[in-house]
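[1] fold the following and give me the result.
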Amino acid sequence: MTRPDLDSVQPPLISVGMPIYNEERFLADSLESMLGQSYPNLEILISDNASTDDSARICADFAARHDNVNFLRCDTNQGAIHNFRAVLNRAKGEYFMWASGHDLWSTNYIQMCYEVLQGQPGSVLAFGSTNWIDAQGEPYPRHSGWSDTRGMHAIARYMTVYWGNMNPVLGLIRTSDLRDCPLLKTTGADLVILTQLALTGNFVHADKTSWSRREFREEEDYNDKLKRYKSQNYGLEQSRLGQIFPLARLPFELVRVVLRSQLSLGQKVLLLPLLLVNLPVKYITDKWFR
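    Numbers count the residues shown, from 1 in each chain. Model prediction:
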């Protein structure tokens, strides 16, 4: 019997979901960067949340020219979380990655993330190093670290991710694990996702690749970001309580993540007080010291 040539075996499909809204300024560059990935089996799913600029035309053009680009446009603005759900729901890949319409990635980004996930059976998420660029694509004077949780107990993983930055939510994630996470219409939804994933398995840093996060919004402080989250177009906080106290729901959802987890009762009893003590400290540090 002839054995298959291992080099000819198609690697598993990876889905990249790109939820966009009014991204015409950088969108073509981001799509070209994603289409230039060295990983050979990729589908790119774009969901346009009723953009009012030229984003839809740009996406339609890319979809017409590339068989692995799938474009869907909403007739009305459904809010950011609906857009993130839309691309995840349509994903067919064993692995999934959210991507923004203004960032850039090294050509080996997905390949390297895939390889470290394959080499770490207990891992759920892989992510490369983060570079920051400005609107012109020039290096931005900002740096952020990473949270590689290999070798940690689940409680240590949870607290490490809890205190880390949210960049890993844009890493490569096992699709089945991500679909078990709630995608909530609330400020801090990315933290809820990441803490649940942290209790599921390891986060692995792919140190041989990087991505460039574009900083182009003129937001001066933490309160400016909350205003964007509460805006009608973003649609994260639509209830009256959420408009007044945008972080009111977050503590309850973080507690629910712990209660739903596979931790033992004793481990939950240990973790919940740690979480409750750290919540006000995190709020203060995020608001005043970042």
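[2] who's in contact with residue 184?
    Counting by Cβ atoms under 8 Å, 6 or more residues apart in numbering, residue 184 touches 81, 192, 249, 253. In this view, the C-beta of every residue, glycine as well, is placed from N, C-alpha and C.
[3] excluding chain neighbours, what is closest to the last one?
    Setting aside the residues directly before and after it, residue 253 is nearest to residue 192 in space (Cβ to Cβ, 6 or more residues apart in numbering), at 4.8 Å.
[4] could you pull up the contacting residues of that neighbour?
    By Cβ under 8 Å, 6+ apart, the residues touching residue 192 are 181, 182, 184, 186, 250, 253, 254, 257.
[5] now with 7 Å?
    Going by Cβ atoms under 7 Å, 6 or more residues apart in numbering, residue 192 touches 182, 184, 253, 254, 257.
[6] show me how to select, in PyMOL, the buried members of those residues.
    Buried residues among these (16 or more other Cβ atoms under 10 Å), as a PyMOL selection:
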select buried, resi 184+253+254+257
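[7] confidence-wise, which of the contacts of residue 192 comes last?
    When the contacts of residue 192 are sorted by pLDDT, the bottom entry is residue 184 at 87.
[8] measure that residue to residue 81 for me?
    Using Cβ to Cβ, to the nearest Å, residue 184 is found at 7 Å from residue 81.
[9] swap in residue 183?
    Remark: distance between residue 183 and residue 81 (Cβ to Cβ) = 6 Å.
[10] again, but for residue 216
    22 Å.
[11] these two - which one has more neighbours?
    Neighbours were counted for residue 216 and for residue 81 using other Cβ atoms under 10 Å; residue 81 has more, 17 against 13.
[12] and that one, what does it touch?
    Contact analysis of residue 81 by Cβ under 7 Å, 6+ apart lists 183, 184, 185, 189, 236.
[13] which strand runs longest in this protein?
    Looking across the chain with DSSP state E, the single longest strand is strand 202-214.
[14] what strands flank that one, and is each parallel or antiparallel?
    With DSSP bridges as the test, strand 202-214 is paired with strand 104-105 (antiparallel), strand 123-133 (parallel).
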